[in-house]
Structures are given as structure tokens and as C-alpha cells.
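Enquirer: show me how the following folds:
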Amino acid sequence: MTDQAPAPYAGKTRVISGVQSSGALHLGNYLGALVKFAQLQHEMETFIFVADLHSITVWQDPAKLAAQTREIAAAYLSAGLDPNVATIFPQSAVPAHAELAWIFNCVARLGWLDRMTQFKEKAGKHKERESVGLYTYPVLQAADILLYKATHVPVGEDQKQHLELTRDIAGKFNHDYGVPGFFPLPEPVIQGPGARVMSLRDGKAKMSKSDPSDYSRLNLTDDADAISQKIRKARTDPDPLPDNVEALEGRPEAQNLVGIYAALSGQTAEQVLAEYAGQGFGIFKPKLAELAVTVLGPVSEKMRRYLADPAEIDRIFAAGAERARDEAAPVLAEVKKIVGFWGQRS
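Expert: Predicted coordinates for the structure are as follows:
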């Protein structure tokens, strides 16, 4: 990399993101990603894909993968993404993602990937038995972003390192091939309050679809009874709620439930505590359950309606994939020309 400041990117402002098609989505996904996607589509040009290429870095049942992919799309639509505004598509329907990823594999450095902490966390002591795809998928992420010359990417704490890798790849490509400003150096869109929702059974663990206990999460397909029951059974502590956020330190379950209430109601944690200070969870939990049903109930109902009509999801996918391919094709063609592949130079 050069020490000189990179040339500015002069293209349009554009946001891109995606969610893996590897299982049901939950409240954490809704608050941390889907709601933000729906907001961003009205602020800049938006591309949202279902990351089915990423999902197969670990084994997926082929008989279920297409249905899982449609389920993510149903969640997007139910959370407010409009296919007439945002481009919604399956990643695998745009072959240019994989083609650009190979070129970027030849730009990225091994040392960069060796520093990726997510692979270390996921592989643990058995990295030799993991797929090559799990190791290199941050490079595919870079291709996902730069194929559309996206300038902004919504990120959580666990993805900031990958966005830095994308910036490094873009900068090195621009420098090595003498095309300053060709690829943007995308900026993070910090997801803000509600982005990190913890398990209902363990306030120190992130809410996850891989948790064996279904009571650890609120699934977007849960009905009102399931939502209420899970919140009633959520782990808490015996103390009443305090009147300030600092007093929640060391009380992870209480902190989590207050954070969920704040995110669902559009309030700050301080405002929630001002209302419920001194009250126990016997009062707070029913109020939280009522709020969660009010907010998530319509989303769950829409989800079930979309999932009952896979043909409509497929129609949206087909239209979105066509738009995405149209946007991707000239970028990939220009990259091939820059790299010097046969048949690309005029």
C-alpha cells in the first residue's frame, strides 16, 4: 500500500448489504440489520442480497437452501424493504460476485486473511478441517461490495474488520493497476442502538439462530403467544430496575431487556429506566411482551404470508437479479480490461 492519500471516488452514493441464507432470522437480525436496511433505501441507492454463496462456507442441506433463501427475502420484505425502491436479489444469481472474488483473491495478501478474527473464532482448534471458503469469504465480501461500487456498508462490531479488508483490497487494486479512484473505499454505516441483542437465556451471549434453545431468541416467524411466552421466561435477576444506565453494569440480562424495550419503542435506555425505575420484572416483562407483540406481530404475519407465496418471492428475486446483473456487468468488464485479460482491451 502507498502512503499517499488515495484519490477520491467520484461516483454515486450507494449502499449494499446482505444476510446469509443459513437459518431463521430473529429479533437481533431485525433490529440490527433489517430495520436499518428499510431506512437506508430512502437515503441512497440500495442493493440488498441474500448471501447464499456465503452460506455454503459451512454445510447446508441442499433440499432446504432455496427455501432458506426465500425466507430471508420474506424477512426483508416484511421489515419494510420495497423491491420497487431497493434491489433485492440472491447473490448466486449474479455470477460476477464469484468472478470478481477470484480477481480479488489475487490482490489480497495472505497476511491480511490470517488476521481475520472471525475465522479463528469459527474454526477454533480445527482450522485444517474447515472449508477454504470459510477462510477466504472476506474476499468474497469485498467483491460483493465493490462489484456495485458501494460507498456505504451497514456493519456491526463483528464485521468492521472485514470492511477494513475491503478498503485495503480496493486501495491496493487502485494503486497496483494505476487506476486511482476506480473503486471507492467504502465507509461503515454504524447500526446504532439495538444492533447487538443478547440471548434471552444468557445476557452475555449474542442472540443467535444456532443456539439450541428456541427460548433464547424471538424468531421473526413467532406468533404473539410464542413472543409473550419467551419474554416471560427470559432470564432476569431479583433486583428492581434502577434509575440510571450505569447501575445496569454487571446485570447483563436486565441490561439486555431494557435495551430491547428501548430499541422496539424508539427510546433511549435512560428514558425506559425513567419510566420503570424501582419496578420489578413482574411488571416490566408483561409491558415488554406487549410492546414486542405490537411491533413484531405485523412483521411475523407478513412473513407467514410471503412464505405461503414463494412464486411472488421468486418474481421479486428474478427482477432484482436482472437489475443487479445489469449494474455488475460493466464494472466487471472494466476490471477485466484493467487487469489485461484477453478480449477485453479495445
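
Enquirer: how about the helices in the stretch 201-346 of the chain?
Expert: For the stretch 201-346 of the chain, the helices defined by DSSP state H, counting those that start in this stretch occupy 224-232, 252-265, 269-276, 281-307, 310-339.

Enquirer: I meant the stretch 51-200 of the chain, not that one.
Expert: Applying DSSP H, counting those that start in this stretch to the stretch 51-200 of the chain gives helices spanning 52-55, 62-78, 96-105, 110-114, 117-123, 132-146, 160-176.

Enquirer: sorry, back to before: mean pLDDT, mean neighbour count and distance to residue 45 added to the helices of the stretch 201-346 of the chain, as JSON lines?
Expert: Placement of C-beta: from N, CA and C, glycine included. What follows is these, written out as JSON lines (pLDDT from 0 to 100; neighbours: other Cβ atoms under 10 Å; distance: least, Cβ to Cβ, whole Å):
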{"stretch": "helix 224-232", "mean pLDDT": "96", "mean neighbour count": "17", "distance to residue 45": "34"}
{"stretch": "helix 252-265", "mean pLDDT": "95", "mean neighbour count": "21", "distance to residue 45": "26"}
{"stretch": "helix 269-276", "mean pLDDT": "95", "mean neighbour count": "16", "distance to residue 45": "33"}
{"stretch": "helix 281-307", "mean pLDDT": "95", "mean neighbour count": "17", "distance to residue 45": "24"}
{"stretch": "helix 310-339", "mean pLDDT": "98", "mean neighbour count": "16", "distance to residue 45": "9"}
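
Enquirer: could you dump the ones you listed to CSV with distance to residue 212?
Expert: What follows is those, written out as CSV (distance: least, Cβ to Cβ, whole Å):
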stretch, distance to residue 212
helix 224-232, 15
helix 252-265, 19
helix 269-276, 29
helix 281-307, 22
helix 310-339, 28
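
Enquirer: quick one: which of these is nearest residue 66?
Expert: Ranking the helices of the stretch 201-346 of the chain by proximity to residue 66 (Cβ to Cβ) places helix 310-339 first, at 8.8 Å.

Enquirer: does anything pack onto the closest one? Which helices or strands?
Expert: Contacts defined by 3 or more Cβ pairs under 8 Å, 6 or more residues apart in numbering; DSSP states H and E place helix 310-339 against strand 45-51, helix 62-78, strand 87-90, helix 96-105.

Enquirer: got JSON lines for those, with distance to residue 220 and mean pLDDT too?
Expert: Output for those, formatted as JSON lines (distance: least, Cβ to Cβ, whole Å; pLDDT from 0 to 100):
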{"stretch": "strand 45-51", "distance to residue 220": "15", "mean pLDDT": "97"}
{"stretch": "helix 62-78", "distance to residue 220": "5", "mean pLDDT": "96"}
{"stretch": "strand 87-90", "distance to residue 220": "16", "mean pLDDT": "98"}
{"stretch": "helix 96-105", "distance to residue 220": "26", "mean pLDDT": "98"}
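
Enquirer: so which of those is nearest residue 113?
Expert: For these, the distance to residue 113 is smallest for helix 96-105, at 9.5 Å, taking Cβ to Cβ.

Enquirer: got the angle for the closest one vs helix 310-339?
Expert: Interaxial angle, helix 96-105 versus helix 310-339 (axes from the mean of the first three to the mean of the last three Cα atoms, to 10 degrees): 30 degrees.
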